[in-house]
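Undergrad: no sequence for this one, just the structure:
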């Protein structure tokens, strides 16, 4: 009996020791593999040329590195930001302009695009809520024929255009407060720049603020003065046919023909039509 009890105690000790060791292995803290990542040392606006004081290195889990990060601050120096960054936000290649692009607002203009400024007032600028990074539609009201007959129309000439600056500010107010400015700079392509310049010269423009995630183009119909005040539908545009045949030449009037009978003789005489004179 004593031998059996001793054997049972021994088996229990061995089992307990095994379970304890397995528990230690399961709860042991394994060292985490990390890499160095360049992040922003503070909130930085668009156009900032990065210097040493703007950057710092932090540890980042090796398996969760964002694409396009930098491991050395030297690779980011003297390059301008083309989008704002927050404090401790990783600096990505897509956030930076080429080294030769310089700094400031020009560095933030994508290749093939243009920054065009238009004069606005508190009404045109939607009570100051047209701020950097918002999206707007551009409407113009003017005389469609340029005859001064008050044949005014309003139409949308640009849709879903990004606001780059409001005045000289390139960032929104952190509390979302409106900004009273006299000039707004829009990001457009060359064709849109021509339209916007003509609209601001020949008519009066307004900006329609839209949701930044609403990118659908609506292309609303033109509104005429007659359709607005008289309820008349807009007149359809007159379409001109191309390659028209030349107008047929008018036919000369037919002459008067008189037949004379003398006995068995018959004579025919023609006289000019007096309508042909």
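TA: That came through fine. Since the structure is predicted, the reported quantities are computational estimates derived from the model, not experimental observations.
Undergrad: give me the buried positions along the helix or strand hosting residue 196.
TA: For residue 196, the host element (DSSP states H and E) is helix 190-202. By 16 or more other CB atoms under 10 Å, the buried positions in helix 190-202 come out as 192-193, 196, 199-200. Every residue, glycine included, has its C-beta placed from N, CA and C.
Undergrad: repeat for stretch 92-107
TA: Under 16+ other CB under 10 Å, the buried positions of stretch 92-107 are 92, 95-97, 101, 103, 105, 107.
Undergrad: with secondary structure added, can I get those residues in a markdown table?
TA: Listed next are these as a markdown table, based on DSSP: H, G, I helix; E, B strand; the rest coil:
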| residue | secondary structure |
| --- | --- |
| 92 | coil |
| 95 | helix |
| 96 | strand |
| 97 | coil |
| 101 | helix |
| 103 | coil |
| 105 | helix |
| 107 | helix |
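Undergrad: make a markdown table from those residues and add pLDDT and distance to residue 265 to it.
TA: Formatted as a markdown table, the buried residues of stretch 92-107 follow (pLDDT from 0 to 100; distance: CB to CB, whole Å):
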| residue | pLDDT | distance to residue 265 |
| --- | --- | --- |
| 92 | 93 | 112 |
| 95 | 88 | 111 |
| 96 | 90 | 111 |
| 97 | 86 | 106 |
| 101 | 76 | 105 |
| 103 | 77 | 110 |
| 105 | 80 | 104 |
| 107 | 84 | 106 |
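Undergrad: okay, now residue 73: neighbour count?
TA: Residue 73 is flanked by 19 other residues according to other CB atoms under 10 Å.
Undergrad: please apply the same query to residue 111.
TA: Residue 111 has 6 neighbouring residues, counting by other CB under 10 Å.
Undergrad: all further residue positions should be reported with the first residue as 674.
TA: With 674 as the first residue, the last one maps to residue 784.
Undergrad: ok, it to residue 723 distance?
TA: 20 Å (CB to CB, to the nearest Å).
Undergrad: name the nearest residue to residue 836, ignoring sequence neighbours.
TA: In space, and not counting its chain neighbours, residue 836 is closest to residue 807: 4.9 Å by CB to CB, 6 or more residues apart in numbering.
Undergrad: how about the secondary structure of the residue lying closest to residue 838 once chain neighbours are set aside?
TA: Once flanking residues are discounted, residue 838 sits nearest to residue 858: 4.3 Å by CB to CB, 6+ apart. With three-state DSSP as the basis, residue 858 sits in strand.
Undergrad: do I have it right that residue 858 meets residue 787?
TA: No. Counting by CB atoms under 8 Å, residue 858 does not reach residue 787; the two are 10.1 Å apart.
Undergrad: which one's more surrounded, these two?
TA: Set side by side, residue 858 and residue 787 show more neighbours around residue 858, with 21 against 16, by other CB under 10 Å.
Undergrad: what is the more buried one paired to in the beta sheet?
TA: Beta-bridge partners for residue 858, by DSSP bridges, are residue 790, residue 838.
Undergrad: roughly how far apart are it and residue 718?
TA: For residue 858 relative to residue 718 (CB to CB), the value is 14 Å.
Undergrad: the spatially closest residue to residue 880 that is not a sequence neighbour: how many residues sit nearby?
TA: Distance criterion CB to CB, 6+ apart; nearest residue to residue 880, sequence neighbours excluded, is residue 809 at 4.4 Å. When neighbours are counted by other CB under 10 Å, residue 809 registers 21.
Undergrad: if I've got this straight, residue 809 is in a strand?
TA: Yes. If the criterion is three-state DSSP, then residue 809 is within a strand.
Undergrad: for residue 849, see how far away it is.
TA: 16 Å.
Undergrad: now swap in residue 883 and tell me
TA: Residue 883 is 16 Å from residue 849, where distance means CB to CB.
Undergrad: look at these two and report which has more neighbours.
TA: Taking other CB under 10 Å, residue 883 and residue 849 do not tie; residue 883 has more neighbours (17 against 8).
Undergrad: no further questions, thank you.
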